[in-house]
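> fold the following for me, if possible:
(2 chains)
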Amino acid sequence: MLNERRVSFKNGGISGMDIRELTCIRCPIGCQIKVEMENGEVKSVTGNSCPRGEEYAVSEVTHPSRIVTSLVRIKGGERPVVSVKTASDVPKEKMMDVISALKGIELTAPVHIGDVVIKDVAGCGADVVVTSDIPEGE
Amino acid sequence: MQDKKADLVIIGGGPAGLAAAAAARKEGLEDILIIERDVRLGGILNQCIHNGFGLHTFKEELTGPEYAARYIRQIIDEKIPFMTGTMAVNISFDEKTGLKTVKAMNGDEGLFNIEAKAVILAMGCRERPRGALNIPGYRPSGIYSAGTAQYYVNMEGRMIGKRVVILGSGDIGLIMARRMTYEGAKVLCVAELQPYSGGLKRNIVQCLDDFDIPLLLSHTVVDIKGKRRVEGVTIAEVDENRKPIPGTEQFYECDTLLLSCGLIPENELSLAVGVRINPVTGGAFVNESLETNIPGVYACGNVLHVHDLVDYVSGEASVAGKNAADFLLGKEKKSGDEIKFEIRPENGVRYSVPSTVDLAKMPDTLTVRFRVGAEYRNVNLVTYVDGKKMTSQPKAVMAPGEMQQLILVKKRLSELAGRGPFHELTVRIEEKDA
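Numbering: from 1, shown residues only, chains lettered A, B, ... in the order given. Got it, this is the predicted structure:
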């Protein structure tokens, strides 16, 4: 089943009719969405249970994107790393570029949720922001 | 030993404890105390740095620490007292007075008692360890439960291995497959004993498919090689009885094995106070108010039954917090007519929370949560009261990894309940057109 889905991800979309089956990842319900495509354009989206699903499906078949969450080093805090995320989606193929951009960065405590770590990371147009409050610590 | 008092003691400052405390305060309860074993509030959310939390509760997608921070903010704003670095070691119940005594300890005060009129159990769950999995082989370093690995990586900033095999497709295992890949490790595969994944579909897509990590369903680890450090594992396919099929063994060279093979509610304290435990969930039997068989002792979150979404934990815990407050403030609805339902999970429905419903005490609608025992497609979820069909809902997909919900409507229940105080409410899965 997994392989089928992977095949359907990679097939088609260039010419003619194509139906792609996706698992929505916008929330943990994981709706099974069918996208009907013709000549690379989305004709219909079915199987989603909310507008976010349709948005995901269209985005996934045209320009797939993800939120990237990771860690950066921090000194002077109660622990040596702090969690971060991209404040908005980045193109799927840029995920590892975002991860690479985080290597070697070291913040200094205190930091707060929402503090910007990198602006426009890897040219994706998204900022990397802190997702945990780290007070100055032992 | 200095003794303390609180109307409501909440054991656990994770998502369940925090939501219960916030809801109890909102209901008007003043005297609340949260006991948390870790050095900070927030529980396991602090190490769940991935996103996907809060869509139901806050209508936006948050990471675990951000989700926790929203609730911690409420606790601080409401000035609800909490003790971190403090571990509850026993609870006792005095039947004559109805008072509970929570015995706890911490580094500053040593061992002390807290006298409580009500207690909310919100201790969460633990991972199933290797010892419970019967994997042959030596006991080298490099074998971690997925959550422990997550703690080392996300909280302590340590790298735990370079070539990783994951046994079990629980959500933490899937999340760690991606996490380890981001950190530069090679994740060779995820092996799952069952023919279906134990995790959420979205995690299979964005943690495995995105990184071309294979998911081997109906496979398990049959041997671990290495004496000091893991050198590799042997994975074999299993038959329908989950027995390894000879000849299918394949060796994977790796230095790390992560185990994501299920979570077990941590109920030692519940057992100490005499709470009856449902053998299916490993959590307490509770009534419509999420109250256990001990009056004034409530349970919510993963200590009650293992949830898939924290949003559902928060929702459930809010109900427990409100009900505990109502119990203490004398706002609890009296059970007048004594019409009670026992919920009978049947035919694919493994359990239900709650397991009993007192009609007088239930609100106009009541959420019943349950899990199914296998994957079902295009079936009906059907309820009966004393054998009379009450509802039938079509369900496109029901999977064991995902918690299911059913809303009971008080009006319908009272209409269908015939004479007598005791009734059966059956919840079952039926074929369509059956």
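
> mind jotting down where the strands sit in chain A?
Assignment of strands within chain A using DSSP state E yields the ranges A:17-23, A:32-38, A:41-46, A:65-66, A:69-75, A:81-86, A:90-91, A:106-108, A:116-118, A:128-130.

> would you tell me which of those strands gets closest to chain B?
Between chain B and those, the shortest gap by CB to the nearest CB is with strand A:81-86, which sits at 3.6 Å. From N, CA and C alone the C-beta is placed, and that goes for glycine too.

> tell me if the closest one is near chain B.
Yes: contact check for strand A:81-86 against chain B, using CB under 8 Å from any CB of the partner chain: residues in range are A:Val81, A:Ser83, A:Lys85.

> who touches that strand?
Defining contact as CB atoms under 8 Å, 6 or more residues apart in numbering or on different chains, one finds that strand A:81-86 is touched by A:67-74, A:98, A:102, A:107, A:111, A:117, A:121, A:124, A:126-132, A:134, B:49, B:51, B:63, B:65, B:154-157.

> each with direction, which strands does that strand pair with?
strand A:69-75 (antiparallel), strand A:128-130 (antiparallel) (DSSP bridges).

> where does chain B have low pLDDT?
Low-confidence regions of chain B, defined by pLDDT under 70, span residues B:1-2, B:335-337, B:434.

> ranking helices and strands of chain A by mean pLDDT, which lands last?
helix A:2-10 (a mean of 38; mean pLDDT, DSSP states H and E).

> show me what counts as buried in the longest helix belonging to chain A.
Residue-count comparison of every helix in chain A, with assignments taken from DSSP state H, identifies helix A:51-62 as the longest. Judged by neighbour count (16 or more other CB atoms under 10 Å in any protein chain shown), helix A:51-62 contains these buried residues: A:Gly53, A:Glu54, A:Tyr56, A:Ala57, A:Glu60, A:Val61.

> does at least one residue of stretch B:306-323 sit close to chain A?
Yes: Stretch B:306-323 comes into contact with chain A when judged by CB under 8 Å from any CB, the residues involved being B:Asp308, B:Leu309.

> next, the buried residues of that stretch.
Neighbour-count burial for stretch B:306-323 flags B:306-323 (criterion: 16+ other CB under 10 Å).

> skip the chain neighbours and tell me the closest residue to the residue in chain A positioned nearest to chain B.
Among the residues of chain A, A:Gly30 lies nearest to chain B; the distance is 3.2 Å by CB to the nearest CB. By the measure of CB to CB, 6 or more residues apart in numbering or on different chains, the closest residue to A:Gly30 outside its immediate chain neighbours is B:Lys201, 3.2 Å from it.

> right, and that neighbour touches A:Thr23 too?
Yes: with the criterion set as CB atoms under 8 Å, B:Lys201 and A:Thr23 qualify as a contacting pair; they are 4.6 Å apart.

> find residues that contact each of those two.
Overlap between the contact sets of B:Lys201 and A:Thr23, as judged by CB under 8 Å, 6+ apart, is given by A:Gly30.

> circling back to that earlier point, single out the most deeply packed of the strands of chain A.
Using mean count of other CB atoms under 10 Å in any protein chain shown, the stretch among these with the greatest mean number of neighbours is strand A:81-86 (a mean of 25).

> and the stretch 151-300 of chain B, which residues reach chain A?
Proximity of the stretch 151-300 of chain B to chain A is assessed by CB under 8 Å from any CB, with B:153-157, B:182, B:200-202, B:204-206, B:208-210, B:214-215 identified as the residues in range.

> which residues touch B:Asp223?
Taking CB under 8 Å, 6+ apart as the contact definition, B:Asp223 lies against B:Ile135, B:Pro136, B:Gly137, B:Val233, B:Thr234, B:Glu249.

> with that, I have no additional questions.
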